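**Student:** Below is the sequence, then the predicted model.
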Amino acid sequence: MGLLGTAVSALSGAERRIEIAARNVANATTPGYKREVAFAEIVGAASPDRQLDSIELRTGSVRHLGQSTLVESGSALDLAIDGDGFVLVRQGERLFASRGGQFRMAADGRVIDADGRSLQQAAGGDLVVEAGEMVIHPDGTVMIDEVPMGAVGFYAGEGLDGSAWHAGLLEDNEGAELRQGMLERSNVALSDEMVGLMQTQRMAEAAAQLVRTYDQLTGQAAQTFNRSGK
């Protein structure tokens, strides 16, 4: 990989880690937000004869999906999931995984989140309700003035990154319960993010020192070559 390549990979990784930490800090108070955790992986490139030509250090991230604290909000349309899994919200033709959050009723009766995405029923389709006293049971059943209006679906799947999901990849999740009038706190700990940023800063400084060392060695080699050529 070489000295310069190692330094470039380290600087690129530091930039990626700062971006991840910035998103975590920005969402420290976002209900249901799941912290991103950075990781490094070594990627190798092989030649046609299957010999390893080069390696590259890349930085990626995964979501820390641990259950966070549930707190009462007092709003009937605030929803939190107690247990693993998620509900689905629709934006256009795409479905997105969600841990619940702050919902409201749209003018047409759809239950939507802060981004205008429609909460999905267990049987599929948008959840549409009428005005009235709303009660949402732990199993997801929605009652308006004691009349059933539908049911919120719970789903299980691999990962929870907010990206689009296809219906064929979803499985019903019977182990979770829905909590009306509650929100799940973000699982971001600002102290952890600050420690991570300090470690990233040290990594970036070490990489910058490698670049300076490379420049010095290159300059010395050029001077030696010029003297020997005279």
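**Tutor:** Now that the structure is in, tell me what you want to look at. Numbers count the residues shown, from 1 in each chain.
**Student:** the domain parsing of this structure - what is it?
**Tutor:** 3-65+187-229, 70-184 (automatic domain parsing).
**Student:** This protein: helices as residue ranges?
**Tutor:** 3-26, 190-229 (DSSP state H).
**Student:** right, and those - which one's nearest Gln180?
**Tutor:** Proximity to Gln180 (Cβ to Cβ) singles out helix 3-26 among the helices of the chain, at 27.6 Å. For the C-beta atoms, the positions are set from N, CA and C on the backbone; glycine is no exception.
**Student:** Check which helices and strands that closest one sits against.
**Tutor:** Packing partners of helix 3-26 (3 or more Cβ pairs under 8 Å, 6 or more residues apart in numbering; DSSP states H and E): strand 36-46, strand 52-63, helix 190-229.
**Student:** With mean pLDDT, distance to Asp84 and mean neighbour count as extra columns, can I get these in a markdown table?
**Tutor:** Output for those, formatted as a markdown table (pLDDT from 0 to 100; distance: least, Cβ to Cβ, whole Å; neighbours: other Cβ atoms under 10 Å):
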| stretch | mean pLDDT | distance to Asp84 | mean neighbour count |
| --- | --- | --- | --- |
| strand 36-46 | 68 | 18 | 12 |
| strand 52-63 | 67 | 13 | 14 |
| helix 190-229 | 80 | 22 | 12 |
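**Student:** so can I have a markdown table of the helices of the chain showing distance to Asp145?
**Tutor:** Formatted as a markdown table, those follow (distance: least, Cβ to Cβ, whole Å):
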| stretch | distance to Asp145 |
| --- | --- |
| helix 3-26 | 40 |
| helix 190-229 | 43 |
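**Student:** and of those, who's closest to Arg117?
**Tutor:** helix 3-26 (19.2 Å).
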